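Peer 1: what follows is a protein structure lacking sequence information:
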């Protein structure tokens, strides 16, 4: 069982009224980009914990999480109220299989995220391993409105550094914005608009799809891809679709 480490908030970023990032200083061992940790606070005499993917990359001097406030949730409103210097707890190890090492050999890696699900993909994109393994890397980032399109500076820096390999496609479903697709990710796969945007196809020969975000998106995209002959990836049975389970 993992042990708890005490940490301090070193920076808080508020993206809009409900989206926040926290950077945490703590004595944490290394992790694989794409993994998650459990974060906790002591509330009314009880240590309340939830899993959060790491946005920071291995080797950074801090751990960074990206989250939205769940109004009725026991932890997220308290996290959002923290300020620099406040205490927070994290587990002493990371977990999860949404990592590049778990992806079988392929040419094209597709990362499809809704909302805060973009976090682990940013961690991966800031490492060298992903650029050494794949010819093309696509990040599809879906939000409801432009105020939720966080981390645009980091994404722009990644695009600048890897112009020949990286394709970024934002989706904004409730607002018309230039250069963003105005539909949900599953619809963009069904009508081929995502592939037209990127210039190549999702297929069982060349592609692997990683997904993180709301369960409806993941289920719908998985069904779309199954119609093309793609299947979920398992270590004992290599496939084309990888998702995360936070447990």
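Peer 2: Perfect, thanks for sending it. Fair warning: this is a prediction, and the values are worked out from it, not measured in the lab.

Peer 1: residue ranges in this protein under the pLDDT threshold?
Peer 2: 1, 246-247 (pLDDT under 70).

Peer 1: and the protein, what are its domains?
Peer 2: Domain assignment for the chain by automatic domain parsing gives 4-91, 100-243.

Peer 1: next SSE downstream of the lengthiest strand in the chain?
Peer 2: Assignment by DSSP state E gives strand 4-14 as the longest strand of the chain. Scanning forward in sequence from strand 4-14 by DSSP states H and E, the next helix or strand is strand 19-26.

Peer 1: and the strands in the chain, which stretches?
Peer 2: 4-14, 19-26, 36-43, 46-53, 63-68, 87-91, 108-114, 136-143, 166-172, 207-212, 241-243.

Peer 1: would CSV of these with distance to residue 229 and mean neighbour count be doable?
Peer 2: (Each C-beta comes from the backbone N, C-alpha and C, glycine too.) Formatted as CSV, the strands of the chain follow (distance: least, Cβ to Cβ, whole Å; neighbours: other Cβ atoms under 10 Å):
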stretch, distance to residue 229, mean neighbour count
strand 4-14, 41, 15
strand 19-26, 37, 20
strand 36-43, 30, 19
strand 46-53, 29, 17
strand 63-68, 34, 22
strand 87-91, 38, 19
strand 108-114, 15, 25
strand 136-143, 19, 24
strand 166-172, 23, 20
strand 207-212, 11, 25
strand 241-243, 11, 21
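
Peer 1: would you format those as a markdown table with distance to residue 120 included?
Peer 2: Listed next are the strands of the chain as a markdown table, based on distance: least, Cβ to Cβ, whole Å:
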| stretch | distance to residue 120 |
| --- | --- |
| strand 4-14 | 17 |
| strand 19-26 | 13 |
| strand 36-43 | 7 |
| strand 46-53 | 4 |
| strand 63-68 | 9 |
| strand 87-91 | 16 |
| strand 108-114 | 8 |
| strand 136-143 | 11 |
| strand 166-172 | 16 |
| strand 207-212 | 6 |
| strand 241-243 | 11 |
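
Peer 1: longest helix anywhere in this protein?
Peer 2: helix 215-226 (DSSP state H).

Peer 1: show residues contacting that one.
Peer 2: With contact meaning Cβ atoms under 8 Å, 6 or more residues apart in numbering, helix 215-226 is reached by 112, 114, 142, 184-186, 189-190, 202, 209, 211, 232, 240-241, 243.

Peer 1: ok, now with 7 Å
Peer 2: 112, 114, 185-186, 189-190, 202, 209, 211, 240-241, 243 (Cβ atoms under 7 Å, 6 or more residues apart in numbering).

Peer 1: tell me the contacts of the spatially most distant residue from the centre of the chain?
Peer 2: Largest separation from the mean C-alpha position in the chain: residue 45, at 31.6 Å (Cα atoms, centre = their mean). By Cβ under 7 Å, 6+ apart, no residues touch residue 45.

Peer 1: let the chain start at 252 from now.
Peer 2: Got it, first residue is 252 now, which makes that one residue 296.

Peer 1: please report the distance of it from residue 444.
Peer 2: The gap separating residue 296 from residue 444 is 52 Å, by Cβ to Cβ, to the nearest Å.

Peer 1: contact partners for the closest residue to residue 377 other than its chain neighbours?
Peer 2: Distance criterion Cβ to Cβ, 6 or more residues apart in numbering; nearest residue to residue 377, sequence neighbours excluded, is residue 308 at 4.1 Å. Residue 308 makes contacts with 284, 374, 377-378, as judged by Cβ under 7 Å, 6+ apart.

Peer 1: make JSON lines out of those and add distance to residue 266 and neighbour count.
Peer 2: Formatted as JSON lines, the contacts of residue 308 follow (distance: Cβ to Cβ, whole Å; neighbours: other Cβ atoms under 10 Å):
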{"residue": "284", "distance to residue 266": "21", "neighbour count": "26"}
{"residue": "374", "distance to residue 266": "17", "neighbour count": "25"}
{"residue": "377", "distance to residue 266": "18", "neighbour count": "19"}
{"residue": "378", "distance to residue 266": "23", "neighbour count": "17"}
